[in-house]
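Undergrad: Need a 3D model of the sequence below.
(one chain, ligands or ions: 2)
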Amino acid sequence: MEQLTLRPISKVSGSVTLPGSKSLSNRILLLAALAQGTTEVHNLLDSDDIRHMLGALEQMGVSVTLNDDKTIATVDGCAGRLTSPKDALFLGNAGTAYRPLTAVLAATVGEFELIGEPRMEERPVGHLVDAMQALGADIKYLKNKDYPPLLIKGKALQGGEVEIDGSISSQFLTALLMAAPLFAGDTKIRIKGDLVSKPYIDITIGVMAQFGVDVVNDNYQTFSVKGEQVYHSPKRIMVEGDASSASYFIAAAAIAGGEVVINGVGKKSVQGDIGFANVMEQVGAQIDWYDEKLVVRKGELQGVDIDANAIPDAAMTLATVALFAKGPTAIRNIYNWRVKETDRLAAMATELRKVGAEVVEGNDFIEITPPKNINLTDIDTYNDHRIAMCFSMVAVAGHTVTINDPGCTAKTFPTYFDVLTSISTE
Ligand SMILES: O=C(O)C1=C[C@@H](OP(=O)(O)O)[C@@H](O)[C@H](O)C1
Ligand SMILES: C=C(OP(=O)(O)O)C(=O)O
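TA: Ligands and ions are numbered 1, 2, ... in the order given. Okay, here's the model as predicted:
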């Protein structure tokens, strides 16, 4: 196994430009593929999750041309007519590819087998499949009920009234919303259970609007979409920088600044994870907000007690900031950490304890009391990019740390450690 030993960093300063948002990149690629017309996508993320979406679209007859550094894609839309692929669609561990494609392909005439990495087969998809089956979709589980892989016999769907459970992942509702305009009739979706990760639904609705489709959102309880619509290419679309990726640089500057200029997200961001910057202000970071950039400096850091349901990805970064804050930190309402790249509640508790923290792991929360001394240790990353990235904060705080399998950051941020090094002084 590859390992990366990070030496103590005394200061971070300078500027970083964020890669494009994963959530926006995969939504935009799918809608550009389904749309009428050609779309030029700028600042596309180049990472594993995006590669899986691109590969699947190409297997279904969509022509996509990438520039040299793969950050500009020209997508020839198929006006809703994706073709049956010869082989199974391998979607890695990309939730933003697997879930939306499940719904869209159920409404596309043809046969599709959706497969993924072993961990994908442990990540539930039942709530989405239940809703699609209630609408008449033909979807079969190839191994275990409620989990990938899936065999989809796509056909014309009529739409109608449907319930979907929103308590485990917002990606199921995102998927259903993106498929709904392809149905013959109108669709009214009612949310069962509490809807988690709500800001991602705003991202979905915003991207659909850019492709000419309106969603009526009644207080996150019901959603209405008109049927028989074709997405229309906006011709040119820009992917905002990734707000979840910004969290590592916000945290680094707050711990060891220097002054770090983070280009690509700011107060105009459409991504919920920008809320992490507000949380870090509460923790003690000093942040100047601009429309599309943040300037972050160090502060006296204090533990906080927050409900992180709206920012599940960035909240992992807070768990490692907690190691270097005064007093305990509690991160609550994050049950679905357990069904992401790994069981993140268990994994974070284990790794934080290895560093020396006192940790309480609840069913849906984690409480972290910072250690007096930081242990010299290796961090296991469980094939989870965010664990690899957020534990780099140990080095940022001035301690040597070894990250096992650092290459797992390829899921969303292949160049992460290089970018961190570019603003770091040993
Ligand atoms: O829709 C999206 O782009 C995402 C939604 C979130 O998942 P859940 O809705 O499952 O919490 C988030 O964790 C994931 O990284 C991306
Ligand atoms: C949960 C994540 O990914 P996915 O889109 O596969 O759900 C993540 O990137 O932290």
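
Undergrad: How much space separates Leu31 from ligand 2?
TA: Distance, Leu31 to ligand 2, using Cβ to the nearest ligand atom, to the nearest Å: 17 Å. Just so you know, the C-beta spots here come from the backbone N, C-alpha and C atoms, and that holds for glycine as well.

Undergrad: What residues does that residue make contact with?
TA: 178, 207-208, 211, 231 (Cβ atoms under 8 Å, 6 or more residues apart in numbering).

Undergrad: now with 10 Å?
TA: 39, 75, 77, 100, 104, 178, 181, 204, 207-208, 210-213, 231-234, 237 (Cβ atoms under 10 Å, 6 or more residues apart in numbering).

Undergrad: ditto for Glu58
TA: Glu58 neighbours (Cβ under 10 Å, 6+ apart): 33, 64, 85.

Undergrad: Recalculate using a threshold of 8 Å.
TA: With Cβ under 8 Å, 6+ apart, Glu58 has these contacts: Val64.

Undergrad: So it lies in a helix, does it not?
TA: Yes. The assignment for Glu58 (DSSP: H, G, I helix; E, B strand; the rest coil) places it in a helix.

Undergrad: Report pLDDT for it.
TA: If you check Glu58, the pLDDT there is 98.

Undergrad: quick one: it and Met280, what's the gap?
TA: 39 Å (Cβ to Cβ, to the nearest Å).

Undergrad: now Val296, what's its secondary structure?
TA: strand.

Undergrad: Count residues in the vicinity of it, would you?
TA: 26 (other Cβ atoms under 10 Å).

Undergrad: next one: Asp146
TA: Neighbours around Asp146, by other Cβ under 10 Å: 12.

Undergrad: and Gly95, how far is that from Leu177?
TA: As judged by Cβ to Cβ, Gly95 and Leu177 stand 15 Å apart.

Undergrad: Same check on Leu318?
TA: 29 Å.

Undergrad: Excluding sequence neighbours, find me the nearest residue to the closest residue to ligand 2 within the chain.
TA: Among the residues of the chain, Gly95 lies closest to ligand 2, at 2.8 Å counting by Cβ to the nearest ligand atom. Once flanking residues are discounted, Gly95 sits nearest to Gln171: 5.2 Å by Cβ to Cβ, 6 or more residues apart in numbering.

Undergrad: Those residues of the stretch 201-350 of the chain touching ligand 1, which are they?
TA: 312-313, 336 (Cβ under 6 Å from any ligand atom).

Undergrad: Tabulate these (TSV), appending secondary structure.
TA: Listed next are those as TSV, based on three-state DSSP:
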residue	secondary structure
Pro312	coil
Asp313	coil
Asn336	helix
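
Undergrad: Need those residues in JSON lines (columns: distance to ligand 2, neighbour count and pLDDT).
TA: Formatted as JSON lines, these follow (distance: Cβ to the nearest ligand atom, whole Å; neighbours: other Cβ atoms under 10 Å; pLDDT from 0 to 100):
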{"residue": "Pro312", "distance to ligand 2": "7", "neighbour count": "26", "pLDDT": "98"}
{"residue": "Asp313", "distance to ligand 2": "4", "neighbour count": "27", "pLDDT": "98"}
{"residue": "Asn336", "distance to ligand 2": "9", "neighbour count": "19", "pLDDT": "98"}
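
Undergrad: pLDDT score assigned to Lys298?
TA: 97.

Undergrad: I'd guessed it sits against Gly257; true?
TA: Yes. The criterion here is Cβ atoms under 8 Å, and Lys298 meets it with Gly257 at 3.9 Å.

Undergrad: Run through the helices of the stretch 301-426 of the chain in chain order.
TA: 315-321, 344-355, 385-390, 393-396, 416-422 (DSSP state H, counting those that start in this stretch).

Undergrad: Just tell me which of those helices ends up closest to Lys268.
TA: helix 315-321 (21.5 Å; Cβ to Cβ).

Undergrad: Give me the helices and strands touching that closest one, please.
TA: helix 243-256, helix 275-283, strand 329-332, helix 344-355, helix 385-390, helix 393-396 (3 or more Cβ pairs under 8 Å, 6 or more residues apart in numbering; DSSP states H and E).

Undergrad: on contacts alone, who are the packing partners of the longest one?
TA: Meaning helix 243-256. strand 11-17, strand 257-263, helix 275-283, strand 293-297, helix 315-321, helix 385-390, helix 393-396, helix 416-422.

Undergrad: Include distance to Asn217 when you put these into CSV, please.
TA: Formatted as CSV, the helices and strands packed on helix 243-256 follow (distance: least, Cβ to Cβ, whole Å):
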stretch, distance to Asn217
strand 11-17, 32
strand 257-263, 30
helix 275-283, 19
strand 293-297, 28
helix 315-321, 24
helix 385-390, 28
helix 393-396, 36
helix 416-422, 34
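
Undergrad: residue contacts, Asp202?
TA: Taking Cβ under 8 Å, 6+ apart as the test, what Asp202 contacts is 270, 272.
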